[in-house]
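Novice: what shape does this take:
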Amino acid sequence: MKVLKDSVIYLFGEVLSKIFPFFLLPYLTRNLSINGFAEYSYLYSLYVLFSIIMLISQDGVISRYYFYYGKRCQPVVFIAGLTISLCIMIAFFVLFNILDMSQYIVICIASLSTSLISVQLRLRQCRKHAISYVKIVLFNTLLTFIFTVSVFELYGGNEYTFFYCLTFSNILVLYLR
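Specialist: Numbers count the residues shown, from 1 in each chain. Just a heads-up that it's a prediction; the model follows:
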């Protein structure tokens with residue numbers, strides 16, 4: 001019965017967390033120009049690619065390690081993954097500065113913060129803390145939505161605004177978790 005209850009909580013949380021990005025897409029479509037939205041789509045594709053590279057399957061490693069060895073030495077696995085992600089991010093920083101593409105650095109920071117959130121969510125799943133998982137997911141998507149809409153309405157955003165807001169909300173959620 002506990003498995004069914006947790007499954008319903010995860011399902012409810014995931015569905016609710018997808019509502020805010022669903023409403024954000026028409027908002028961004030309306031507020032960005034055609035070229036701005038095309039640039040946003042390109043940047044979002046890079047964000048997803050960088051997130052995959054920076055995550056390097058840390059969430060899978062953490063869950064495998066958790067269920068094979070238990071809780072002992074789990075911080076070592078987390079710190080090792082974080083170190084590898086930071087090294088990858090530094091390599092991207094250097095590459096983008098050499099190629100004079102410094103505007104992509106915010107995409108790297110957003111990707112790193114998203115990978116850290118993903119690792120924290122996987123830890124919550126392994127420990128069977130469904131309510132904590134849902135709180136983090138909902139709080140993160142709600143903050144991103146509120147920050148993005150607020151910045152667009154108050155200051156008029158561009159295609160990079162979403163990534164600044166995403167990074168800020170990810171860092172805030174990591175700090176408050």
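Novice: in the protein, what helix or strand scores lowest on average pLDDT?
Specialist: Every helix and strand in the chain was compared by mean pLDDT, DSSP states H and E; the lowest is helix 58-69, with a mean of 84.
Novice: restricting to C-alpha, output that helix in CSV.
Specialist: Output in CSV follows, covering the C-alpha atoms of helix 58-69 (Å, rounded to 0.1, in the frame of the first residue of the first chain):
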residue,chain,number,x,y,z
GLN,A,58,25.2,10.8,-11.5
ASP,A,59,21.6,10.2,-10.5
GLY,A,60,21.8,6.7,-11.8
VAL,A,61,25.1,6.1,-10.0
ILE,A,62,23.7,7.5,-6.8
SER,A,63,20.6,5.2,-6.9
ARG,A,64,22.7,2.2,-7.8
TYR,A,65,25.2,2.9,-5.1
TYR,A,66,22.3,3.5,-2.6
PHE,A,67,20.6,0.2,-3.2
TYR,A,68,23.8,-1.8,-3.5
TYR,A,69,25.8,-0.4,-0.6
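Novice: angle of the following helix or strand past that helix against helix 58-69?
Specialist: The first helix or strand that comes after helix 58-69 along the chain, using DSSP states H and E, is helix 74-98. For helix 74-98 and helix 58-69, the angle between their directions (axes from the mean of the first three to the mean of the last three C-alpha atoms, to 10 degrees) works out to 160 degrees.
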